[in-house]
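Visitor: Could you look at this predicted model? Sequence included:
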Amino acid sequence: MHSVKTFLSSLTSILTSSNGDSTPKADPHAMLLIQKSMLRLLGLRGAELNPDLEHRIRYAPSIEALWFLRADLAQALCLQRDETSALQAVSDLTPLFEGNIAKTQLQAYQRGQRR
């Protein structure tokens, strides 16, 4: 039984260790700002056409979840406007995420943008 406790303690330490790339502590004001910005981009017409997406943005459990919803938002916007402006609009949200998600996620996105 002691070895199980030791294992669980070690596993917990590994998973919660601060390796410099941990996700920043959630900022409720930043989350609200990001949600409002994403919903504003989606617009009333977009929400009518994509009620599930509107719901997922509005009730996202975290800023990281919102980060991953950007792709769905871009797809929805592409149906309402040209692809270039849709992708640019979603890309313009990126500064809102800075300091609110892991640096590696932003860096991976930025590397993809340079290609």
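Guide: That came in fine, so what should we check first?
Visitor: quick one: which helix or strand includes the residue nearest to residue 41 when sequence neighbours are not counted?
Guide: Distances taken as C-beta to C-beta, 6 or more residues apart in numbering place residue 89 nearest to residue 41, at 5.5 Å, with adjacent residues excluded. Just so you know, the C-beta spots here come from the backbone N, C-alpha and C atoms, and that holds for glycine as well. Here residue 89, judged by DSSP states H and E, is contained in helix 83-91.
Visitor: nearest residue to the most centrally placed residue in the chain other than its sequence neighbours?
Guide: Centre of the chain computed as the mean C-alpha position; nearest residue by C-alpha atoms, centre = their mean is residue 67, 1.3 Å away. Nearest residue to residue 67, sequence neighbours excluded (C-beta to C-beta, 6+ apart): residue 101, at 5.2 Å.
Visitor: Which secondary structure elements does the longest helix seen in the chain sit against?
Guide: Counting residues, the longest helix found in the chain (DSSP state H) is helix 28-49. Counting contacts by 3 or more C-beta pairs under 8 Å, 6 or more residues apart in numbering; DSSP states H and E, helix 28-49 packs against helix 51-58, helix 63-78, helix 94-97.
Visitor: Determine which stretch of these is the most buried.
Guide: helix 63-78 (a mean of 18; mean count of other C-beta atoms under 10 Å).
Visitor: Can I get that one in CSV? Just the C-alpha atoms.
Guide: Output in CSV follows, covering the C-alpha atoms of helix 63-78 (Å, rounded to 0.1, in the frame of the first residue of the first chain):
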residue,chain,number,x,y,z
ILE,A,63,-9.4,30.1,-21.6
GLU,A,64,-7.6,27.1,-23.1
ALA,A,65,-10.9,25.7,-24.3
LEU,A,66,-11.6,29.1,-26.0
TRP,A,67,-8.2,28.9,-27.6
PHE,A,68,-9.1,25.6,-29.2
LEU,A,69,-12.6,26.9,-30.3
ARG,A,70,-10.8,29.5,-32.5
ALA,A,71,-10.7,26.9,-35.3
ASP,A,72,-14.5,26.3,-35.1
LEU,A,73,-15.0,30.1,-35.1
ALA,A,74,-12.8,30.5,-38.1
GLN,A,75,-14.8,27.8,-40.0
ALA,A,76,-18.1,29.5,-39.1
LEU,A,77,-16.8,32.9,-40.2
CYS,A,78,-15.6,31.4,-43.5
